[in-house]
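1. Give me the fold of what follows.
(one chain, ligands or ions: 2)
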Amino acid sequence: MYQIKTYNAIAPAGLNTFTADYALNQSEHPDAYLIRSVNLHDESLPTSLKVIVRAGAGVNNVPIKQATANGTAVFNTPGSNANAVKELIIGLLIMASRNLLAATTYSAQHAEADISQRTEHDKTQFNGIELTGKTLAVIGLGHVGSLVANAALNLGMNVIGYDPYLSADAAWNIAKQVQRAATLPDAVKNADFVTVHVPKNADTYHLIDEKALAAMPAGVQLFNYSRLGIVDNTAVISALTTKKVAHYYTDFGETQLAEHPAVTVTPHIGGSTIEAEINGATQAARTIMTYLETGNVHAAINLPDLNVPFNAAYRFTIIHQNVPNMVSQITAKLATANLNIATMANAAKNQTAYTIIDVDDLQQLSQTDLITELNKIPAVIRVRLLKQSVNL
Ligand SMILES: NC(=O)C1=CN([C@@H]2O[C@H](COP(=O)(O)OP(=O)(O)OC[C@H]3O[C@@H](n4cnc5c(N)ncnc54)[C@H](O)[C@@H]3O)[C@@H](O)[C@H]2O)C=CC1
Ligand SMILES: O=C(O)CCC(=O)C(=O)O
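-> Residues are numbered from 1 along each chain as shown. Ligands and ions are numbered 1, 2, ... in the order given. Predicted coordinates for the structure are as follows:
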């Protein structure tokens, strides 16, 4: 039985994806964590933990280095909530352009009997603009940014994208009418609206700072549905004071933003739709099952892709440092045990490498001995022995 520990509210419809071989929240020694936004940075990871899957996109709440050192694979569920964020951004763009917040607040405050006459007089103060023909800068064109860019094009907006690290796969998703900017200032210099959709990391901390704000035209409206810290809130408050920025919309509240009349804060609800939560939990459960049962890896944060059909009786999966001479040391251990290798594959990502070795004959006695021997190789981080679940 595999043991799963969940954090945060995980959609039950997604958890139902787990087969009867999986138990939820029943053990102090979990094989897997299925999480959303819980901050794991201050927790020590148990040695039993083989995989962490974040249902959602951002993994800034996961201590990746510590996980890798523990031999724990880390995944997210790319794209599972991107449509939810896109729809919210489009909703906010419409809200921003039609002064909907002020207009509905007015109506709530004027419920008197003769309101209809007064409304006809007062409504001009809520005159809006149309999005068609306006310019939107999209910073980060991954799963969320590409959907936002394409939807804004469909509303008749001019869309300028900036993403210096755009993957070839992600580029396929972007409509050709989205103009590519070579620099952040180029992307934002004519923007009526700027929306940021990048991961939080050392490079994106304060990506939107005083300098980036200075490059925007006066009266720009800014959206941060990525993470706290990607926009320098102090710089934004100054820019709001000088009316450089007309309004700031964000999913990430902070004391200095509270009650500012030109700031709208939503409580981290970008991915909070029934559909997105089910997508994320389902994708996370599938990722956990694939990794625990086959060791195969696709799009992990800290391991290379390695996908080998599991056709043999046994499989060793070995996470190790990406240093010379590892494969020969590993195969030497198997040769000493007189084992014939059916299939072997190896790949590396940054400082970490991953090796899969399939074998058909493995005596019960030699299993523990071999795992002990493989663990003795200095750069080995974690060895797992998987058994084929169906009889071959
Ligand atoms: N508010 C919410 O509830 C949600 C927030 N998010 C946040 O949005 C972020 C983006 O989500 P996805 O689009 O799904 O991720 P993604 O990984 O598909 O796309 C991120 C894109 O940002 C680009 N990028 C990285 N550094 C950049 C930089 N310095 N300048 C410009 N582009 C840069 C990458 O090349 C990539 O194309 C997540 O990391 C997460 O923090 C995502 C989903 C829900
Ligand atoms: O609703 C959630 O779990 C947060 C979504 C999010 O911020 C993300 O996917 O990065």
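2. drop to CA atoms for contacts and neighbour counts, all remaining ones
-> Will do.
3. Tell me, what's the model's pLDDT at the closest residue to residue 266 other than its chain neighbours?
-> Nearest non-adjacent residue to residue 266, counting by Cα to Cα, 6 or more residues apart in numbering: residue 251, 4.7 Å away. Per-residue pLDDT puts residue 251 at 98.
4. and if you look at residue 360?
-> Note on residue 360: pLDDT of 89.
5. Please apply the same query to residue 364.
-> Note for residue 364: predicted pLDDT of 65.
6. For the biggest helix by length in the chain, output the C-alpha coordinates as CSV.
-> Longest helix of the chain, by residue count under DSSP state H: helix 274-294. This file holds the C-alpha atoms of helix 274-294, laid out as CSV (Å, rounded to 0.1, in the frame of the first residue of the first chain):
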residue,chain,number,x,y,z
ILE,A,274,-14.2,23.7,-9.2
GLU,A,275,-12.8,22.7,-12.6
ALA,A,276,-9.2,23.8,-11.9
GLU,A,277,-9.1,22.2,-8.5
ILE,A,278,-10.4,18.9,-10.0
ASN,A,279,-7.9,19.1,-12.9
GLY,A,280,-5.0,19.8,-10.5
ALA,A,281,-5.9,17.0,-8.0
THR,A,282,-6.5,14.5,-10.8
GLN,A,283,-3.3,15.3,-12.6
ALA,A,284,-1.4,15.2,-9.3
ALA,A,285,-2.8,11.8,-8.4
ARG,A,286,-1.8,10.4,-11.8
THR,A,287,1.7,11.9,-11.5
ILE,A,288,2.1,10.3,-8.1
MET,A,289,0.9,6.9,-9.3
THR,A,290,3.1,6.9,-12.4
TYR,A,291,6.2,7.9,-10.4
LEU,A,292,5.7,5.5,-7.5
GLU,A,293,4.7,2.5,-9.7
THR,A,294,7.1,3.0,-12.7
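7. so, in contact with ligand 2 or not, that helix?
-> No - judged by Cα under 6 Å from any ligand atom, helix 274-294 makes no contact with ligand 2; its nearest approach is 7.2 Å.
8. Over to stretch 29-38?
-> Yes - applying Cα under 6 Å from any ligand atom, one finds that stretch 29-38 is in contact with ligand 2 at 36, 37.
9. Then stretch 261-273?
-> Yes - contact of stretch 261-273 with ligand 2 is found when judged by Cα under 6 Å from any ligand atom, involving 271, 272.
10. so how far is that stretch off the chain centroid?
-> Distance, stretch centre to chain centre, for stretch 261-273: 17 Å (Cα atoms, centre = their mean, to the nearest Å).
11. Name the residues of the stretch 201-350 of the chain found near ligand 1, please.
-> Contact residues (Cα under 6 Å from any ligand atom) of the stretch 201-350 of the chain with ligand 1: 203, 204, 225, 226, 227, 251, 268, 269, 270, 271.
12. count of neighbours near the closest residue to the fourth one other than its chain neighbours?
-> Okay, so that is residue 226. Nearest non-adjacent residue to residue 226, counting by Cα to Cα, 6+ apart: residue 197, 5.2 Å away. Residue 197 has 23 neighbours, counted by other Cα atoms under 10 Å.
13. What of residue 59?
-> For residue 59, using other Cα under 10 Å, the count is 21.
14. The closest residue to it other than its chain neighbours pairs with what?
-> Residue nearest to residue 59 in three dimensions, not counting chain neighbours: residue 76, with 7.0 Å by Cα to Cα, 6+ apart. Using DSSP bridges, the bridge partners assigned to residue 76 are residue 54.
15. one step back: and which of the residues of the stretch 201-350 of the chain next to ligand 1 is nearest to residue 333?
-> Residue 333 has its nearest neighbour among these in residue 203, at 41.8 Å by Cα to Cα.
16. ok, the closest one - contacts?
-> For residue 203, the contact set (Cα atoms under 8 Å, 6 or more residues apart in numbering) is empty.
17. The residue of the chain positioned farthest from its centre and ligand 2: what is the separation?
-> Centroid-distance maximum for the chain: residue 114 at 50.5 Å, with Cα atoms, centre = their mean. Residue 114 is 43 Å from ligand 2, where distance means Cα to the nearest ligand atom, to the nearest Å.
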